[in-house]
Structure formats: structure tokens, C-alpha cells
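Engineer: here is the input, now give the coordinates:
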Amino acid sequence: MHHDVIELRKFYYTRALGRVVQRVLRDRLTQLWPADQSAGMTMAGYGFAAPLLRPYLGRARRVISLMPGPQGVMAWPATLPNCSVLCDETAWPLDTGSVDRLVMLHALEVAEHPGALLSEAWRVLGPGGRMLIMTPNRAGLWARSDATPFGFGRSYTTGQLEAQARSARFVTERSGAALYIPPSDRRFWLKSAQMWERAGLRISQVLVAGVVITEFSKQVQAPIGRLTRVNVPSPLDVLEGMARPKPARGGKTARGGAPRTGKGRGGPERPLA
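Structural biologist: Numbers count the residues shown, from 1 in each chain. I've put the predicted structure just below:
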């Protein structure tokens, strides 16, 4: 089951709980990838990652929001040139190795072919590129509630998410979590969300988060094995088949005639050298 872009936009931009979730997840993203360090980078988001990418607008070299076809697409950002595009799940309109940072939100848990989706993410990332995936936590309350977008699709544990990405050749860099408040619209939880996030980072073994956050990298190994030596002939080898000139023997010219002689001034006759 895929999300609907209208419902996602309504949750993140008009609902109070959605605005709190947007702020919490965006703060976690900028903690891992500071916006002031994104100069010259190409940032991309897949799924519905647009609310998290706004801090990078105007700082990164390029920001792209990819939205899958079954979900639908919306123009983003508002009042600025559009940076979002509708695409197929396994065929993104990006060059191979052209992305430096990739964020997935509301993507992997609803993908029809999660393995192929991760393979496409591997293709567009450059060597050393980073990918951040946010998925519902299987043990959390948010995955059990249909009142938010995190209650749709497959939920993951950290180990399951790492195993899925490892099968696509990604390397796990670090793992974390977010959303330690329950999925409730009550004012108490909304006002105390930041406090619960700070507490959750310190005592994550006690509090169960609603979202699993894992960062991966694309590591391309250098070729190993015996080196093949390539011999490049010297340009002078072109003349190798030609005989080198040698001095005439027996005082004769090359045509076999008598040696030429000449007279020096005030001296006897002598052969020409």
C-alpha cells in the first residue's frame, strides 16, 4: 500500500502533530548532515523527504525531491522554482554517481521491490556517498497506529534494515532513532516533544522510539590481484629495421671506386677523410 501525496502533505503541513514530526526529523537530519557543510553537494530525497530538505536549499549545489508514481507528486518548494519530480520506483531520472547525499522517508516500507529500490539508490550515489533511511520502528507505537503515515507498509528493526541494505552492498555507518512521544495530538505531548527527544537519546534502552534512523555509505573497493604490465614500444623502434650507416672499409667508397684525394695547401697529397 502506497501513501497518497495529498494525505502526506496534509499531515506534515496542516496537522499540529505532523509539524512536530517534521521538526524532530529535520533536526536529526541536520545533526548528522549539517546544512552549512553541504556546499557543492547534490542532495536528493526519495519518498516524501521534501519537508526535511528545506535547510539545504540555497546551500547545496542541487536539491532534488523524488516522489514515486503510485504516491503522486506535488510542487516543492512553495514560492520557489520547483525541485520535485515524479519517477518510477526503480528508474530515477538521475545520472549514475551524481548524488552525494540521499534521504529516504516513507519510501522503503511501502516499496513494491525494496531490493531493487536500494539497487537504484546504489546506482545514483557516488563513491563515498551517504544514504539515510527513516522507517517505522517495529517495536514502536507509531507502527501500530493508522492515524499517521508511519502506520502503513512494513515496519523494521535496526537489524532488519541493516541486513536489507547490506544485501544491496551498502555499509552501515551509524544507527539511531527518533519520535519518542506517542502518536497523539494532545497538547502535552506536542509541547514536550523536544524534551522527550533529548531524553530518548540518553536512555534509548528504556524509551521505545517510533522511527528507526540508519546511515549507510557506498564504498567502492579498489581492484585487487596481479597487475598486468603493458609494454609500450619506444618511438625510435620504428627505425629498428633500417641498417645504421657504417664507415667504408679498405679506403673505398660505397660504390667500390678508387679513393678520392685532394691537395692540402703547402703539403703532400692525402686522402680525403
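Engineer: only C-alpha atoms from now on, for both contacts and neighbour counts.
Structural biologist: OK.
Engineer: helix or strand right after the helix or strand hosting residue 165?
Structural biologist: Using DSSP states H and E, residue 165 maps to helix 158-166. Elements were assigned by DSSP H and E; along the chain past helix 158-166, the next helix or strand is strand 171-178.
Engineer: now for that following strand, which elements pack on it?
Structural biologist: The helices and strands touching strand 171-178, judged by 3 or more Cα pairs under 8 Å, 6 or more residues apart in numbering; DSSP states H and E, are helix 16-32, helix 158-166, helix 193-202, strand 211-217.
Engineer: mind running it again at 10 Å?
Structural biologist: If you count contacts as 3 or more Cα pairs under 10 Å, 6 or more residues apart in numbering; DSSP states H and E, strand 171-178 packs onto helix 16-32, strand 125-136, helix 158-166, helix 193-202, strand 211-217.
Engineer: what are the contacting residues of it?
Structural biologist: Identification of contacts with strand 171-178 by Cα atoms under 10 Å, 6 or more residues apart in numbering yields 21, 24-25, 28, 32, 130-137, 158-159, 161-163, 165-166, 196-198, 200-201, 204, 208-219.
Engineer: any of the residues you listed buried? List them.
Structural biologist: 21, 24-25, 28, 130-137, 158, 161-162, 165, 196-197, 200, 204, 208-218 (16 or more other Cα atoms under 10 Å).
Engineer: which elements pack onto the helix holding residue 165?
Structural biologist: helix 114-124, strand 125-136, strand 171-178, strand 211-217.
Engineer: now the longest one: average pLDDT?
Structural biologist: Throughout strand 125-136, pLDDT has a mean value of 96.
Engineer: same check on stretch 12-25?
Structural biologist: For stretch 12-25, the mean pLDDT works out to 96.
Engineer: buried set for it?
Structural biologist: For stretch 12-25, by 16+ other Cα under 10 Å, it's 12, 16-25.
Engineer: and if you look at stretch 183-194?
Structural biologist: 183, 189-190, 193-194.
Engineer: can I get those in TSV including distance to residue 107 and pLDDT?
Structural biologist: As requested, the buried residues of stretch 183-194 are arranged in TSV below (distance: Cα to Cα, whole Å; pLDDT from 0 to 100):
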residue	distance to residue 107	pLDDT
183	20	93
189	26	91
190	25	91
193	24	92
194	25	89
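Engineer: relative to residue 105, which of these is nearest.
Structural biologist: Taking Cα to Cα as the measure, residue 183 is the one of the buried residues of stretch 183-194 closest to residue 105, at 17.2 Å.
Engineer: if we can go back for a sec, hmm, which two among the buried residues of stretch 183-194 are most spread apart?
Structural biologist: Largest separation among the buried residues of stretch 183-194 by Cα to Cα: 183 and 194, giving 14.2 Å.
Engineer: nearest spatial neighbour of residue 100, skipping sequence neighbours?
Structural biologist: residue 129 (4.8 Å; Cα to Cα, 6 or more residues apart in numbering).
Engineer: cool, and residue 215?
Structural biologist: residue 132 is the one closest to residue 215 (Cα to Cα, 6+ apart), at 4.4 Å.
Engineer: residue 167 - how many residues pack around it?
Structural biologist: 12 (other Cα atoms under 10 Å).
Engineer: that one: what's it in contact with?
Structural biologist: Counted by Cα under 10 Å, 6+ apart, residue 167 has contacts 115, 118-119.
Engineer: CSV for the residues you listed, including distance to residue 108 and neighbour count?
Structural biologist: Output for the contacts of residue 167, formatted as CSV (distance: Cα to Cα, whole Å; neighbours: other Cα atoms under 10 Å):
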residue, distance to residue 108, neighbour count
115, 9, 16
118, 8, 22
119, 12, 16
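Engineer: looking at the residues you listed, spot the one nearest residue 50.
Structural biologist: residue 118 (19.0 Å).
Engineer: tell me the contacts of that closest one?
Structural biologist: Per Cα under 10 Å, 6+ apart, neighbours of residue 118: 89-90, 108, 111, 131, 164-170.
Engineer: could you do residue 59 as well?
Structural biologist: Neighbours of residue 59 in contact, by Cα under 10 Å, 6+ apart: 35-41.
Engineer: got a ChimeraX select line for the buried ones in those residues?
Structural biologist: Selection of buried members from the contacts of residue 59 for ChimeraX, criterion 16+ other Cα under 10 Å:
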select :35,38,41
